[in-house]
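**Q** quick one: sequence plus predicted model below, questions after.
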Amino acid sequence: MQRQKRADIVIAGGGWVGLAMAKEIATRTALSVVVLERGPARRLADYAKGMDEVDYALRYRLMQNLADETVTHRHSVGATAVPIRQYGSFNPGTGVGGAGEHWSGLAYRYLPDTFQLATALREKYGSRLSPDLAVQDWGVTYDELEPHYWHAEQMMGIGGKAGNLRGRQIEGGNIFEGARAQEYPNPPHPATYIAKRFTQAARELGYHPFPTPAATLSQSYRNPDGVSRPGCAYCGFCTKYGCMIGAKAQPTNTLLPVIAKHSNFSLRPGCWVRRVVHRDGKAEGVTYIDGQGNEVMQPADVVLLASWTLNNARLLLLSGIGRPYDPATGKGTLGKNLTHQVGCATQVFFNEHLNAFMGAGGLGVTVSDVDGDRGADPDLGVLRGGAIRITSGGEGPISGFGRIPPGEARRNWGSEWKKAALAWHDKASTITCEAEHLAYRHNFVDLDPAYTDKFGDPLLRLTLDWTDHERRQADMAAKVQQAIGKAMGGKVGGAARGMGAHYSVIDYQSTHVQGGAIMGTSPESSVVNRWLQHWNVPNLWVVGGSAFPQNASVNPTMTIMAVAYHSVDALIGRYLQRPGALA
């Protein structure tokens, strides 16, 4: 095994979290920082060569190669898990920038009560709560994270409209959001035709629509680090693509230009981290396979795991760090509280063209009137709701083709279907909902005993299924979607996405998979503490969505970044001054 020169900090993962942590450490200290990313390097020039819908949107050019590594899935402990061979319910990215390159740019904050959800539910429902619920408080509050949200929003140049500015409600913004200390760095995108119709209809029904906060720039912007980016061209190539002009905030066009100038920073693409090396409660570094197939040891004083949710949990399990969770006894913490997101969508058809090929990731309108606790309906058995929105994200000629109202064709193929699809092309829109997914004792991750990756390491196994609560959430959201669609003057069609009898790995839900290495206030109930420092290995930090005890209703990127900035401040300001467990 080859052995590299010792580094002060080694980071596994070169996406939003990994590069954000590296940027803070490399620019605020003299410590050497090495970032290991298993995928290739990426540049704006690569995206500018051409946006091929088949290559990017249908063949998943920016995603992990499932032939190299995938996960297995089963609905319950007694079932047999099988590997996911094709992308369906989530799309994890790879390469420098990770999923931050192909994300849509939706840039919400979480609701304040998200972070003390266990306490809030116990106070409201008491003994009526199901014993199967495994919801936990995070150990950190919205008020503590608020300045870190602002840090991330400035870095990305988020555009939006505040609805709660220092406690004062502002019409036109999200009046249900937590208090913001600052207005958004940029204004929201101009509303599209379909967004205006949604806004008018939502207001007529008594809701409070607001422009969706977006990481696609509504105007040219220079962030506090001196990084300048142009305003959006509304080409529509956002979700599953890297931005060809840099208008969408991505790790490669916001963070990498800053840290690349620092000699204490090193980025190594093509390096697949396989283990955290540890002894006697201390991490000694990581081992990885480089681009030439060599096994390499990278010693380091501090190890940061900053990969995607499932990859963080798998690395800990493969490395034998922590006690794996046992759903039968409730003992152990590593792997518990796997959550995804409750999604449903309703199609709405109109008699005019919508020019849906134009748009931007995040360009749209959201309604939060039935989100969080406001979406609770004890009579229906719904504890939490979700956010409902319409988006003008840009539709490709292939993936945006084929939506027709019910009754227009007897089957979804053949000449009759083709004629209807051509007649209704560019006349359909979709109202979507993402609702909170509460944690349950029966949903978790562990290592699969039967299947391995290309190196012979066990795959991660997901044990995950819906309950009646998620189905009731979706039913409630669908009724709101249908009411808004009718008020828009459209013909409401069938569900574009629903829950089904069981969790499906085929139907896309979102890439917002959380949990497995959750944060909390004690080692008996969590893997990492409130600063994302491992309880048992103080020089190991596990950062990202794997730390979320349960899933909120909206895109998690801004919260992932806020929690990461909260973590790195503790790492630099406290741990590095006196290494050891933070009290």
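**A** Ah, there it is. Numbering: from 1, shown residues only.
**Q** number of nearby residues for the closest residue in space to Gly330 that isn't next to it in sequence?
**A** Excluding its sequence neighbours, the residue lying closest to Gly330 (Cβ to Cβ, 6 or more residues apart in numbering) is Arg441, at 6.6 Å. C-beta coordinates here come from the backbone N, C-alpha and C atoms, glycine included. By the measure other Cβ atoms under 10 Å, the count of residues near Arg441 is 16.
**Q** if I look at Arg441, how far off is Tyr325?
**A** 9 Å (Cβ to Cβ, to the nearest Å).
**Q** common neighbours of the two, please.
**A** Common neighbours of Arg441 and Tyr325, counting by Cβ atoms under 8 Å, 6 or more residues apart in numbering, are Lys336.
**Q** just to revisit the earlier point, so for the residue nearest to Gly330, what's the pLDDT?
**A** On the pLDDT scale, Arg441 is placed at 97.
**Q** and what of Gly381?
**A** Listed pLDDT for Gly381 reads 89.
**Q** next: Arg42.
**A** Arg42 carries a pLDDT score of 88 in this model.
**Q** also the one 3 residues further on?
**A** In this prediction, Ala45 carries a pLDDT score of 85.
**Q** that one: which element?
**A** Element membership of Ala45, judged by DSSP states H and E, is helix 44-48.
**Q** which parts of that helix are buried?
**A** Tyr47 (16 or more other Cβ atoms under 10 Å).
**Q** and for stretch 74-85?
**A** By 16+ other Cβ under 10 Å, the buried positions in stretch 74-85 come out as Arg74, His75, Ala81, Pro83, Ile84.
**Q** compute the first-to-last residue distance for that stretch.
**A** Terminal residues of stretch 74-85 lie 14 Å apart, using Cα to Cα, to the nearest Å.
**Q** picking up where we left off before, give the contact list for the residue nearest to Gly330.
**A** Under the criterion of Cβ under 8 Å, 6+ apart, the contact list for Arg441 reads Asp132, Leu133, Ala134, Pro327, Gly330, Lys336.
**Q** confidence-wise, which helix or strand of this structure is lowest on average?
**A** When each helix and strand of the chain is scored by mean pLDDT, DSSP states H and E, strand 491-497 comes last, with a mean of 76.
**Q** mind listing residues that contact the helix or strand following that strand?
**A** Next along the chain after strand 491-497, taking DSSP H and E as the criterion, comes strand 540-542. For strand 540-542, the external contacting residues (Cβ under 8 Å, 6+ apart) are 276, 278, 283, 302-305, 312, 316, 321, 517, 527-528, 531-534, 567, 571.
**Q** centroid residue for this structure?
**A** Note on the chain: the residue nearest the mean C-alpha position is His512, at 3.8 Å, using Cα atoms, centre = their mean.
**Q** ok, now which ones touch it?
**A** Neighbouring residues of His512 by Cβ under 8 Å, 6+ apart: Phe90, His340, Gln341, Glu434, Gly545, Asn551, Asn555, Pro556.
**Q** next one: Ser76 from Leu317, what distance?
**A** Distance, Ser76 to Leu317, by Cβ to Cβ: 20 Å.
**Q** tell me how many other residues crowd the residue nearest to Gly231 when sequence neighbours are not counted.
**A** Distances taken as Cβ to Cβ, 6+ apart place Gln219 nearest to Gly231, at 4.5 Å, with adjacent residues excluded. Residues near Gln219, counting by other Cβ under 10 Å, number 14.
**Q** buried residues of the longest strand seen in the chain, list them for me.
**A** In the chain, taking DSSP state E as the definition, the longest strand is strand 295-305. The neighbour-count check on strand 295-305 (16+ other Cβ under 10 Å) flags Val296, Gln298, Pro299, Ala300, Asp301, Val302, Val303, Leu304, Leu305 as buried.
**Q** for the fifth one, give me its contacts.
**A** It refers to Asp301. Contacts of Asp301 (Cβ under 8 Å, 6+ apart): Arg6, Ala7, Asp8, Ile9, Asn539.
**Q** okay, now the second one: neighbour count?
**A** The reference is to Ala7. Residues near Ala7, counting by other Cβ under 10 Å: 21.
**Q** what are the ranges of the strands in the stretch 201-350 of the chain?
**A** Per DSSP state E, counting those that start in this stretch, the stretch 201-350 of the chain carries strands over the ranges 210-211, 221-222, 228-229, 265-269, 272-279, 282-289, 295-305, 342-349.
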